[in-house]
Structure formats: C-alpha cells, structure tokens
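1. For reference, the sequence and a predicted model appear below.
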Amino acid sequence: MFLDVLDEYKDIIASYDILQFRMVGASYQFVAKVCLKNQTELHVKDYLFQDGTRKYSYHWQDEQGNCIVRWDNAPHHQGVSNFPFHKHLGEHETIAESPPMKLNAVLDNLRKVIKYH
C-alpha cells in the first residue's frame, strides 16, 4: 500500500528508504525517508493502532534540515479548530490548520510545488 503510493509519485521522488514497516492484522507501523528530486526530504511516520486510532507525522525539510512543512496529529495544539490535525510552517514552525493527512495527500501537495517551481 505505501510502496504503491511512493511509486505513483516517482516523477518527484529521487529515492526512498523504508526504515520500518510492520503489519499486525489491520494495524501497521511505517517509517520512511523520501528524497525528492528538488533535493528536499520528506520524513514519514504513519502508525495505525489496533484500536483504529492513527498517529502520523510528515516532515518536509530543505537541504539544510530546516522545516518547510510538517503535517501531524499530535495532540499538543488544542487551539487549532480541527484539533488535533495541524501543520507546522517554515523554519519557525508556525502552527496552522490542516485537514487529516495521508501520504498521497502530502505528496500531492509536494508535487504541486516541486513540478511547477
């Protein structure tokens, strides 16, 4: 499932390393480092637990390791209207609203930036 998504975006992906992948029943743990063709990186952590809850972080960074955008659902920004879903923007990681994200939605966003800039 995750490999199919990564393959769908090979036009913007230079390479990737799967750091962890584990499935037990319907639950999974997926951790990857994705190197993009514009020299940026996407660090992926996506977990689905046995009780159906999901925890994720998609951290997109520049060549120096500075945050461009990180989408996550950690419950630490209660002031966001669609808590716990949010994103961190830029080097100062300004908090903004975000819909719940999945890998393909993140890569859709990155494709728009990478292919057309």
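-> Good, I have the coordinates.
2. Residues in a beta bridge with the residue nearest the centre of the chain, which ones?
-> In the chain, the centroid-proximal residue (C-alpha atoms, centre = their mean) is residue 58; its distance is 2.1 Å. Beta-bridge pairing of residue 58 under DSSP bridges involves residue 44, residue 71.
3. can you tell me how far it sits from residue 69?
-> Distance of residue 58 to residue 69, given as C-beta to C-beta, to the nearest Å: 8 Å. From N, CA and C alone the C-beta is placed, and that goes for glycine too.
4. Contact partners for residue 66?
-> With contact taken as C-beta atoms under 8 Å, 6 or more residues apart in numbering, residue 66 is in contact with residue 91.
5. The residue nearest to the centre of the chain against residue 41, yeah?
-> No: here residue 58 does not reach residue 41: they are 11.1 Å apart, not a contact under C-beta atoms under 8 Å.
6. which residues of this structure fall in strands?
-> 13-24, 27-36, 41-48, 54-61, 67-72, 86-89, 94-97 (DSSP state E).
7. Residues contacting the top helix by length along the chain, please?
-> Ranked by residue count and defined by DSSP state H, the top helix of the chain is helix 103-116. Outside helix 103-116, the residues that touch it by C-beta under 8 Å, 6+ apart are 2, 5-6, 8-9, 11-12, 36-38, 40, 42, 44, 46, 58, 60, 69, 71, 99.
8. Kindly export it (C-alpha atoms) in PDB.
-> C-alpha atoms of helix 103-116 as PDB (Å, rounded to 0.1, in the frame of the first residue of the first chain):
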ATOM      1  CA  LEU A 103       0.900  10.100   2.400                       C
ATOM      2  CA  ASN A 104      -0.800  10.500  -1.000                       C
ATOM      3  CA  ALA A 105      -2.300  13.900   0.000                       C
ATOM      4  CA  VAL A 106       1.100  15.100   1.300                       C
ATOM      5  CA  LEU A 107       2.800  14.000  -2.000                       C
ATOM      6  CA  ASP A 108       0.000  15.700  -4.000                       C
ATOM      7  CA  ASN A 109       0.900  19.000  -2.200                       C
ATOM      8  CA  LEU A 110       4.600  18.500  -2.800                       C
ATOM      9  CA  ARG A 111       4.100  17.600  -6.400                       C
ATOM     10  CA  LYS A 112       2.400  21.000  -7.000                       C
ATOM     11  CA  VAL A 113       5.400  22.800  -5.500                       C
ATOM     12  CA  ILE A 114       8.200  20.600  -7.000                       C
ATOM     13  CA  LYS A 115       6.900  20.200 -10.500                       C
ATOM     14  CA  TYR A 116       5.800  23.800 -11.100                       C
END
